[in-house]
Each structure stands twice: as structure tokens, then as C-alpha cells.
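# Show me how the following folds:
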Amino acid sequence: MSATCFVQPLDLIKNRMQLSGVGGGKKEYKTSFHAAKGIIQKEGFFALYNGLSAGLLRQATYTTTRLGVYNWLFSVLTGKDGKPPNFAVKAGCGMLAGMCGAFVGTPAEVALVRMTADGRLPPEQRRNYSSVVSALVRITREEGLLTLWRGAIPTMGRAMVVNAAQLASYSQAKEILLNTGYFEENIMLHFCSSMISGLITTAASMPVDIAKTRIQNMKMIDGKPEFKGAGDVLMKVVRNEGFFALWKGFTPYYARLGPHTVLTFIFLEQLNQAYKNHVLNA
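This is a model prediction of the structure:
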């Protein structure tokens, strides 16, 4: 949640860029900087923080679950001699942790996507949720409870990719850097490990993130959903916008995920150390 306070504007820009060109429409933004400039000019600087309450709730649910499950599995699978599990096992732990976290966090994710996308719509089409609570209540009342889990499957798929890449690559990078002899257990080690992790995670997860974003923001057209599923989204993106459109918004996505990964792991490591020192007295 602390990390999200720093990167919320980048998340909003990423979502706007991923929704640009939906339905074969005109591409709204050429670059991330063009998107940021356009949003500030049309909606004001603080529009970059639209959906912050949903972003915080998402972290409180999704990230709490995924980190808790991963750390528990990592501890269980660490050998009695203290030897950590291999990379494949770490990736498997990350996938399972991500899947659990994504299911818990999907309602907040749906609210986040809608709140960050609202400003790009004409005034008469905006949903105008006042907060994440307003969003969740109105979605349930107007569209049904299960709508809160719309896009849960691609969200879980994205989370499995993200966490297999992020958590496993962080653990692996940390282990490799420690073995070089140039690093010791401190913030510099956490920073370098998490930057490596962020880059790997961004490249691996962007296509499924675009599918998730568009499904969660889609509307019904003549009583039918705009997309049939994640595969349909990806096929239409490639057909209408080109193959590399699957990485549309790469810069804000990495600019968000890189620092978010760094801040998350640095905060996590410091909190873990404080817990060991002051609670466990270790």
C-alpha cells in the first residue's frame, strides 16, 4: 500500500494507454508523456490519482495474500539444512501464491480499472464512482455480485505469470548476487534484486495484463459482451493494432512495476526485520 501511493499515476496512465484504440477507435496517446500531459490538461493534475482508494484496497487484499502464501510455501519447502528451493519450485510457489491473491483481489481490481479509465469517456458515459466502496456497492447493485469477479480468470492468469516471474526472479537474483561476494543482506541488495525482477516481470506479463484490463472495462453491446475471453482480446489486439500492441504502455507499466517492485520488497524486508527484532526477539 505504501508503494502504491508512489506509483498510482503510472498505473492510471498504463490503463488509459491499454484502453486506447478499443473497438478499432482512434489511438488516443502516442507516448506515456503524451498521455500524462493530455490527462493533466483535460482533467487536472489530481486526476492522475483517480482510483487511489481502489489501488490501496487491491494491495491490501491481493498483495497481502500473495506475499503471505509465497513466504509460507518458501519456508515449508526450504530444506532442513537451510538450502532454498530451486528456481522451478520458486516459480511454482509464485504461481500458486499469485492465483490465490488474484482471486481475493479481483473485486478491487475491477473497481481500479473502471475508476482509472472513467476520465477518458464522454461525461454522459462516465460511471462517476466516488470511492472504491461506492464502486463495489454500485457494481453489485447495478450489474450483480459476480460482476465483481469479471475477468477473474485472466486476472489470475496474469497474477500467475507476474508472481512466477516477480517472486521467483527476486529470490533467485538475491541468491545469485549474494553468491558473487559483492553484496550482503542490505537495502542495496534488495534494490538490485528487485530492479532485475521488475524488468523480467514487465516483459512476461504485459499481454495478459492488457487482456485483463480490457475485459474488466468492457461494456455490453446489444446485450452481448464486447469480448468473449482473454484469447479473443489478444486476437483482436493483434489483428487491429499489431503484434507489438500487446506491449502497449510498456514504459508506464515498467515505470510503475519497477519502482513498485523495488518499494514493495524494500518495505517488506524492513518490516520482516523489524518483526524478527521486536516480536520474535531473534
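# and the next element down the chain from the lowest-mean-pLDDT helix or strand in the chain?
Evaluated with mean pLDDT, DSSP states H and E, the helix-and-strand set of the chain has its lowest mean pLDDT in strand 220-221, which scores a mean of 73. Sequence-wise, the next helix or strand beyond strand 220-221 is strand 224-225, with elements assigned using DSSP states H and E.
# what's the helix or strand following that next one in contact with?
Using DSSP H and E, the helix or strand that directly follows strand 224-225 along the chain is helix 230-241. With contact meaning C-beta atoms under 8 Å, 6 or more residues apart in numbering, helix 230-241 is reached by 21, 24, 27, 153-154, 157, 207-208, 210-212, 214-215, 227, 245-246, 248. Where you see a C-beta, it was placed from the backbone N, CA and C, and this is true even at glycine.
# For the strand or helix carrying residue 68, buried residues please.
Residue 68 is located in helix 64-77, with elements delineated by DSSP H and E. Residues of helix 64-77 classed as buried under the neighbour-count rule (16 or more other C-beta atoms under 10 Å) are 65, 66, 67, 69, 70, 73, 74.
# ditto for stretch 112-128
In stretch 112-128, the ones that count as buried by 16+ other C-beta under 10 Å are 112, 113, 114, 115, 116, 117, 118, 119, 120.
# For stretch 239-254, list the C-alpha coordinates in PDB.
Provided in PDB are the C-alpha atoms of stretch 239-254 (Å, rounded to 0.1, in the frame of the first residue of the first chain):
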ATOM      1  CA  ARG A 239      -5.400  -8.100 -35.700                       C
ATOM      2  CA  ASN A 240      -6.500  -4.400 -35.300                       C
ATOM      3  CA  GLU A 241      -3.500  -2.800 -33.700                       C
ATOM      4  CA  GLY A 242      -0.500  -5.000 -34.500                       C
ATOM      5  CA  PHE A 243       1.600  -7.600 -32.500                       C
ATOM      6  CA  PHE A 244       3.600  -5.100 -30.600                       C
ATOM      7  CA  ALA A 245       0.400  -3.500 -29.300                       C
ATOM      8  CA  LEU A 246       0.500  -6.400 -26.800                       C
ATOM      9  CA  TRP A 247       3.200  -4.400 -25.100                       C
ATOM     10  CA  LYS A 248       1.300  -1.000 -25.400                       C
ATOM     11  CA  GLY A 249       2.000   1.100 -22.300                       C
ATOM     12  CA  PHE A 250       5.300  -0.700 -21.700                       C
ATOM     13  CA  THR A 251       7.100   2.400 -20.400                       C
ATOM     14  CA  PRO A 252       4.500   3.400 -17.800                       C
ATOM     15  CA  TYR A 253       4.000  -0.300 -16.900                       C
ATOM     16  CA  TYR A 254       7.700  -0.800 -16.200                       C
END
